[in-house]
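> okay, sequence plus prediction incoming.
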Amino acid sequence: MIRSFRRYHRQISIVLCIPLFLTVLTGMSFTIIHEWFHQGDLGEFILKIHTLEIIHLEKIYPLLTGLGLVGLLITGISMTGLFRQRPNTNNL
């Protein structure tokens, strides 16, 4: 079971690598440009890239990245063994 979760985790992470990198990079860039340098026009452009409004995916992109992250969390947590039942060692 853990082997299949590793395979799913690897596949999900490969698919989400670029979208998550784009989200993190543009989110940090927006904060720096908008809050520190007060560049409103450039900040709005970066926000359009952040939400993929620039190619009209602003309604589905957050849902897909969110579902992908939930999948990564579920497979990652299941691989840690936190919810694995341990054998009873109190046999008398």
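Nice, I can see it. Numbers count the residues shown, from 1 in each chain.
> which helices and strands sit right next to the one helix or strand Val15 maps to?
Assigned by DSSP states H and E, Val15 falls within helix 2-30. Helix 2-30 sits against helix 40-50, helix 61-80, with contacts defined as 3 or more Cβ pairs under 8 Å, 6 or more residues apart in numbering; DSSP states H and E. Backbone N, C-alpha and C define where each C-beta goes, glycine included.
> quick check: angle from that helix to helix 40-50?
170 degrees (axes from the mean of the first three to the mean of the last three Cα atoms, to 10 degrees).
> mean confidence score for helix 2-30?
Helix 2-30 carries an average pLDDT of 92.
> any buried residues in it, and which?
8-9, 12, 16, 23, 26, 29-30 (16 or more other Cβ atoms under 10 Å).
> likewise stretch 80-89?
In terms of neighbour count (16+ other Cβ under 10 Å), stretch 80-89 has no buried residues at all.
> buried stuff in stretch 36-52?
For stretch 36-52, a neighbour-count test (16+ other Cβ under 10 Å) marks 43, 46-47, 49-50, 52 as buried.
> CSV for the buried residues of helix 2-30, including distance to Asn90?
As requested, those are exported to CSV (distance: Cβ to Cβ, whole Å):
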residue, distance to Asn90
Tyr8, 35
His9, 34
Ile12, 39
Leu16, 43
Thr23, 49
Thr26, 54
Ser29, 57
Phe30, 56
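> so which of those comes closest to Leu82?
Proximity of the buried residues of helix 2-30 to Leu82, judged by Cβ to Cβ, is greatest for His9, which lies at 15.0 Å.
> tell me the contacts of the closest one?
Contact analysis of His9 by Cβ atoms under 8 Å, 6 or more residues apart in numbering lists 72, 75-76, 79.
> as a markdown table, the helices and strands packed on helix 2-30 with mean pLDDT and distance to Met1 would be great.
As requested, those are exported to a markdown table (pLDDT from 0 to 100; distance: least, Cβ to Cβ, whole Å):
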| stretch | mean pLDDT | distance to Met1 |
| --- | --- | --- |
| helix 40-50 | 92 | 37 |
| helix 61-80 | 92 | 8 |
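> thank you kindly, that will do.
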